[in-house]
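Enquirer: Would you be able to build a 3D model of this:
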Amino acid sequence: MFLRLIPYRTYARLIFSYRSRDLLEFFPTILKDIFLPLDSNLFQVEGRLQKLNDLLFQYKEHFSKELGSAPAPFAILITKEKERSLASLGMTEGRLGVTGGIKKPLRPGKVYIEEGLKDKVEEELKGANLHFRLEKWGDLFELKLPATFEQKLYFPFKDFFLIPNDKRCFFCGSYLHATSDCPGLNDREPQQTFYKLLTLSPWTIADELSKAIFEEEKIEALNYFYIRYFFNLPAFLKIIFYRTGEINSFSQVPLHLPTPVRGGDLGLGLEELMAGRVETAEKRFSEVKEGDFRRELGLAFVQILKEDFPKAIYFVENALSLVNNPFVRGYLNYLKGGIYFQLGDKGLAEESFKEAMKEDSTNTPSFFFLGLIRYLEEEPLDKLSPFFHHPYTLYLSYLEPLFLRVEKELEELLDKVYLSYKDEALTRLKEAEDKYHALKEVMSDEISKSYLERLKKLSQHINQGGLALVDSASKQVLELTLELNGYVFSRLKKLKQEFEPLRFTFRKLSDFWTIYPYKTEDAFFGQSLKKAEGLILRIERRLKRSEPSKELKFLESEFKQLKEIVENLQRAMPELERKWEFRKRLYSFIKKFSLAEGLNLIFHAVLLFLPEFGTSWFPSLGSFVVSSLFILVLVLISVLFIEKKV
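Expert: Below you'll find the predicted structure:
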């Protein structure tokens with residue numbers, strides 16, 4: 001068996017900068033101590049393969065500070081034959097072709113073996129009592145040793161996007177393919193795909209990407225990576241070409257809305273550009289009237305697809321001279337910076353990104369790349385925290401392969417930022433839930449159910465969704481809280497409106513009871529008034545408190561009791577009034593009748609002692625009875641019809 005070392009120099013330069021040479025040259029040196037060297041990167045390992053694990057551990061320990069979370073800048077391939085070429089193993093450009101799937105590169109820091117060596121390797125390693133695992137990788141097997149196991153990270157596979165090519169794709173920033181072959185070019189609405197990305201949590205994205213790479217499940221998930229720089233793709237020009245009248249800053253770009261292509265040479269050129277027909281696109285854009293910045297921008301993208309980046313800068317400069325819109329100028333300066341970054345000139349790139357931020361302070365692509373450049377210039381990660389707080393830059397950072405060396409620290413830092421958004425939303429959600437639970441007993445079943453369903457949906461978005469859903473849910477929770485506050489105040493207003501008439505009625509009832517003479521007989525009325533008075537005092541105190549939502553349930557209950565008591569008292573009061581009126585008139589009748597009847601009796605008695613005034617019928621018993629009846633009628637008329645009612 002033979003060990004072939006496959007160095008990744010571009011990857012080493014990108015991740016390890018000035019230490020790349022040391023990391024590339026050290027491993028062949030220690031290999032020579034154990035294995036027979038046949039060439040600079042070829043060794044005979046027959047019977048000593050178990051030593052490879054120890055050598056890899058030795059290497060990782062020696063460069064632990066330099067490696068960080070990144071794998072070593074080389075892959076290892078175990079072959080049967082010394083002269084076996086990579087092409088003979090089905091590899092082109094360092095990748096294994098897989099029918100119906102994705103092309104799989106030999107990943108840095110990993111060990112691969114030919115399919116025909118599987119049994120032999122298993123036999124040798126089992127005899128060495130070494131823990132290992134063999135997993136299919138294209139037409140080869142990956143030999144997983146303790147020294148090659150990955151750290152527990154969301155995105156431990158970022159190296160996948162940094163090999164095997166030496167040239168970077170301008171559109172997605174990977175080294176998997178040429179700029180003109182970027183899969184992101186196939187997405188006609190990349191900003192919508194990016195918005196969908198924002199609705200997913202970072203760990204969900206990592207899981208989907210991992211399954212696409214390693215299990216080839218839903219490989220379309222790789223598009224989340226390919227469109228992460230959606231503002232770099234030709235399809236984004238639809239927004240620049242047709243929405244500049246409604247957009248003044250990058251923050252106003254409608255990610256969730258599609259933008260159709262319009263007619264004319266400009267639209268035809270854009271269609272050809274998005275289809276990858278570069279020559280036709282160039283012809284169409286050239287036919288657009290000179291003086292239109294969109295003509296120059298379209299031609300700049302033609303040159304980007306041709307990978308003639310200096311010429312692309314020329315057209316971007318032309319476009320800048322023709323436009324005043326701050327959003328467009330910010331984007332053009334960003335694009336110029338992106339091209340300089342592609343060319344490796346970080347100094348000019350930084351100048352352009354800063355200029356873009358001057359034109360449009362919300363230009364998040366420039367903001368992200370300014371942070372990335374500072375990291376590449378060895379600035380400590382903790383000082384870059386401000387660059388990660390925007391949702392766009394947060395997700396771009398999670399997906400950025402160039403952060404691979406500090407991936408563990410980066411993910412910890414980004415998690416704190418991500419969770420700060422989530423915590424704020426959860427705080428708002430708890431406030432809304434508390435208000436809902438305080439109010440649900442006074443709501444109708446239909447309204448209560450509606451609020452509960454909304455709260456459940458928002459809770460799901462906050463706890464399981466990405467920042468777009470978290471942010472949206474947080475705003476909706478705030479709106480829901482305001483709705484609940486509005487519900488509280490409307491209920492309070494209604495209660496106050498109904499409370500005043502009740503209080504007025506209570507006063508009338510109290511005034512009546514104050515002068516009512518039969519309190520002992522009708523003590524229930526007084527007891528009810530006392531209970532109503534206590535309820536009124538409690539209601540008044542509750543209405544003055546600062547947290548009306550917490551009091552509403554009690555207010556509703558106490559108001560209901562008060563209303564019931566007052567209504568019962570109102571129903572009882574006429575009976576008491578009639579009783580009082582009856583007794584008053586009875587007293588008046590007895591008083592008047594007794595007085596009149598007494599006078600009548602005296603009158604008849606006096607006449608009995610004065611015979612000269614008498615007649616045969618008067619005074620007599622008959623006259624006394626008749627006069628008594630007459631008095632009775634007169635007193636009744638007086639009491640019933642003449643005297644005023646109470």
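Enquirer: Next one: K645, what pLDDT does it get?
Expert: With respect to pLDDT, K645 scores 50.
Enquirer: er, A468 actually
Expert: Taking A468 on its own, its pLDDT is 88.
Enquirer: Neighbours of the nearest residue to it once chain neighbours are set aside, how many?
Expert: Leaving out its chain neighbours, the residue that sits closest to A468 by Cβ to Cβ, 6 or more residues apart in numbering is L198, at 3.5 Å. C-betas here are computed from N, CA, C, even on glycine. A count of neighbours around L198, defined by other Cβ atoms under 10 Å, yields 21.
Enquirer: Also F593?
Expert: 19.
Enquirer: Return the backbone torsion pair for it.
Expert: Main-chain torsions, F593, degrees, to the nearest 10: phi -70, psi -40.
Enquirer: Next one: it from S628, what distance?
Expert: Using Cβ to Cβ, to the nearest Å, F593 is found at 9 Å from S628.
Enquirer: likewise D187?
Expert: D187 sits 115 Å away from S628, going by Cβ to Cβ.
Enquirer: Toward the C-terminus, what is the element adjacent to the lowest-mean-pLDDT helix or strand in the chain?
Expert: Across the helices and strands of the chain, mean pLDDT, DSSP states H and E gives its lowest value to strand 95-96, namely a mean of 48. Tracing the chain past strand 95-96, the next element assigned as helix or strand by DSSP states H and E is strand 104-105.
Enquirer: Distance-wise, check F403 relative to L381.
Expert: 8 Å.
Enquirer: Find residues that contact each of these two.
Expert: Here F403 and L381 have 375, 410 as joint contacts, going by Cβ atoms under 8 Å, 6 or more residues apart in numbering.
Enquirer: and the two? which has more neighbours close in?
Expert: The neighbour comparison of F403 against L381 (other Cβ under 10 Å) goes to F403, with 25 against 17.
Enquirer: what's the more buried one in contact with, if anything?
Expert: With Cβ under 8 Å, 6+ apart, F403 has these contacts: 158, 375, 397, 410.
Enquirer: which residue sits closest to the last one in space, ignoring its chain neighbours?
Expert: Yep, that's L410 we're talking about. Leaving aside its chain neighbours, L410 sits nearest to F403 (4.9 Å; criterion: Cβ to Cβ, 6+ apart).
Enquirer: Low-confidence regions, the chain specifically.
Expert: For the chain, applying pLDDT under 70 flags the ranges 84-103, 549, 611-619, 644-646.
Enquirer: Outline the domain layout of it.
Expert: Taking automatic domain parsing as the reference, the chain has its domains at 2-149, 179-399, 424-573, 578-642.
Enquirer: Can you tell me which of the ones you listed is most buried?
Expert: Compared across those, domain 179-399 shows the largest average neighbour count, a mean of 19 (mean count of other Cβ atoms under 10 Å).
Enquirer: In the protein, mark out all the strands, start to finish.
Expert: 2-7, 36-39, 42-44, 74-79, 91-92, 95-96, 104-105, 111-114, 133-137, 140-144 (DSSP state E).
Enquirer: and the ones you listed as JSON lines, adding distance to L348?
Expert: Formatted as JSON lines, the strands of the chain follow (distance: least, Cβ to Cβ, whole Å):
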{"stretch": "strand 2-7", "distance to L348": "30"}
{"stretch": "strand 36-39", "distance to L348": "41"}
{"stretch": "strand 42-44", "distance to L348": "42"}
{"stretch": "strand 74-79", "distance to L348": "32"}
{"stretch": "strand 91-92", "distance to L348": "35"}
{"stretch": "strand 95-96", "distance to L348": "33"}
{"stretch": "strand 104-105", "distance to L348": "31"}
{"stretch": "strand 111-114", "distance to L348": "40"}
{"stretch": "strand 133-137", "distance to L348": "40"}
{"stretch": "strand 140-144", "distance to L348": "41"}
